[in-house]
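Enquirer: quick one, fold the following:
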Amino acid sequence: MNRKLVYLSTGFLFANMGWGMAWPYLPNYMKLLGGGLLFVALLSVLFNITSAFGQTFWGRKSDVAGRRKPFVLFGIASSALFFVLMGLIQSAVAVLSLRAFQGFFVAAQTPAISALVSELSPNVGRGFGLFNLFANVGFMLGNFAGGLVVKNYPIRYVFLLSSLPISISFLMFLFFHENAKKPMDFRMLFRYDRPGRMDVSFKSLKSYAKRNRNILIFSFSTFVLMLSSGMVYSYLSLLIAMRFGEDYVGFYYGIDGLFSSFFIYPFGYISDRIGSKIVIIFGSFLYLLTFAMYYVAVSLPLLMVTALVSGTKWAAYFNSINTYVSRMSTSDERATALGVMNGGVAAGWVFGPLLGAYIISVLGLANMMLVAMVPVVVSMIILIPFTKNDRAPSSYQ
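Expert: As a prediction, this is how the structure comes out:
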């Protein structure tokens, strides 16, 4: 087993533990600060608008610089800083502003860490399986830890304390040795060709789109599915709190993460054996089933079964979309391609929460879970006939 990949995965376990503590309670915190349904939606919208731009921006910077580690460190540090500020500044408008900045700066880590995993993994499906297993365990532990904090202290403390495991992650990545492809120019982080404006070559963008048509179609299918994810998961904490009490929010996400941990690596293995596209289709089907079960889960046993299906869905889908893009892109454009795909994920979470807020105002929170199934079906209609099957792992570049 690749020791560097295990070390990297362990470091990200702690980063995700911090996110697992804080993220589930953002909607509840916003309600506590006096924000209405629109403010709850804007938590995701503002974060993902800036993140959608940041994914491609930072991914390209990482490819040009030939480095991953500085971008990972920058993103992790941003996570801790903004969560601490959210806990200290108890204002609905201030929290929304911080979420917007957090989205852009944390986006520096996402394509860089995905590119690192693919570059360290001879079997990319299993590489992402191992990494996502560790990350998911971290998120699960954070969910349980966050539930304990909220049970015993005011909710703002969960944001302050989330910085502790994230800081451990930062320290671990400081000692991570990356094999540099080229000398690092730290000015590339914020340097443009001409002072005062960003120089964008539309000819280069057109050329990239022509070379990577399949990745763009795939990213669009992911964007459509993430519309439904944004609709549901921006408000699921409110539905769980309404049905079972606020203490069960962290508990549910923890159980969801526990179940997904069992399936992440096996799905990575399957992706290497038969291709990741079939696993993505299976994960999409489980999205449909999960949303239907949220509608009917009015008892704790049903909620636990829903967590099992949801965790399996997450393990199948998110592990495999990273595997697919890594396989279908060349090494010199891998972070850019992953940034485009993750930008589609973020964009879905821009429009999904707004669409969800409107549907809730018309049909109610529970009925919105059923409506969210529609984008999943549309995504599958795009994915199945219009994207290529994975090429064999032996052709991975």
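
Enquirer: and Val93, how many neighbours?
Expert: 13 (other Cβ atoms under 10 Å). No exception for glycine: its C-beta is placed from N, CA and C like everyone else's.

Enquirer: my read is it is in a helix, agree?
Expert: Yes: according to DSSP: H, G, I helix; E, B strand; the rest coil, Val93 belongs to a helix.

Enquirer: what's the pLDDT at it?
Expert: At Val93 the predicted local confidence, pLDDT, stands at 94.

Enquirer: before we move on, what about Ser201?
Expert: Turning to Ser201, the model gives it a pLDDT of 45.

Enquirer: with the one 5 residues further on instead?
Expert: Model confidence at Lys206, expressed as pLDDT, equals 66.

Enquirer: now Ala180
Expert: With respect to pLDDT, Ala180 has a value of 60.

Enquirer: over to Leu286?
Expert: 97.

Enquirer: repeat that for the one 10 residues further on.
Expert: Listed pLDDT for Val296 reads 96.

Enquirer: over to the spatially closest residue to it that is not a sequence neighbour: give its phi and psi.
Expert: Counting by Cβ to Cβ, 6 or more residues apart in numbering, Leu302 is the residue found nearest to Val296 once chain neighbours are left out, at 6.5 Å. Listed backbone geometry of Leu302 is phi -70, psi -40, with angles given as degrees, to the nearest 10.

Enquirer: Leu302 contacts Tyr295, doesn't it?
Expert: No: taking contact to mean Cβ atoms under 8 Å, the distance of 10.4 Å between Leu302 and Tyr295 leaves them out of contact.

Enquirer: of these two, which one has the most company?
Expert: Tyr295 (16 against 13).

Enquirer: centre of the chain versus the strand or helix carrying the more buried one, how much separation?
Expert: When secondary structure is defined by DSSP states H and E, Tyr295 falls within helix 276-296. Between the mean C-alpha point of helix 276-296 and the mean C-alpha point of its chain there is a distance of 17 Å (Cα atoms, centre = their mean, to the nearest Å).

Enquirer: repeat for stretch 134-145
Expert: Using Cα atoms, centre = their mean, the distance from the centre of stretch 134-145 to the centre of the chain it belongs to is 14 Å.

Enquirer: put the alpha carbons of that stretch into PDB.
Expert: The C-alpha trace of stretch 134-145 is given here as PDB (Å, rounded to 0.1, in the frame of the first residue of the first chain):
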ATOM      1  CA  PHE A 134     -10.400   8.000   5.400                       C
ATOM      2  CA  ALA A 135     -12.100  11.300   4.500                       C
ATOM      3  CA  ASN A 136     -15.500   9.800   5.200                       C
ATOM      4  CA  VAL A 137     -14.400   8.300   8.500                       C
ATOM      5  CA  GLY A 138     -13.200  11.800   9.500                       C
ATOM      6  CA  PHE A 139     -16.500  13.400   8.500                       C
ATOM      7  CA  MET A 140     -18.400  10.700  10.500                       C
ATOM      8  CA  LEU A 141     -16.300  11.200  13.600                       C
ATOM      9  CA  GLY A 142     -16.900  15.000  13.200                       C
ATOM     10  CA  ASN A 143     -20.700  14.400  13.000                       C
ATOM     11  CA  PHE A 144     -20.700  12.500  16.300                       C
ATOM     12  CA  ALA A 145     -18.300  15.000  18.000                       C
END
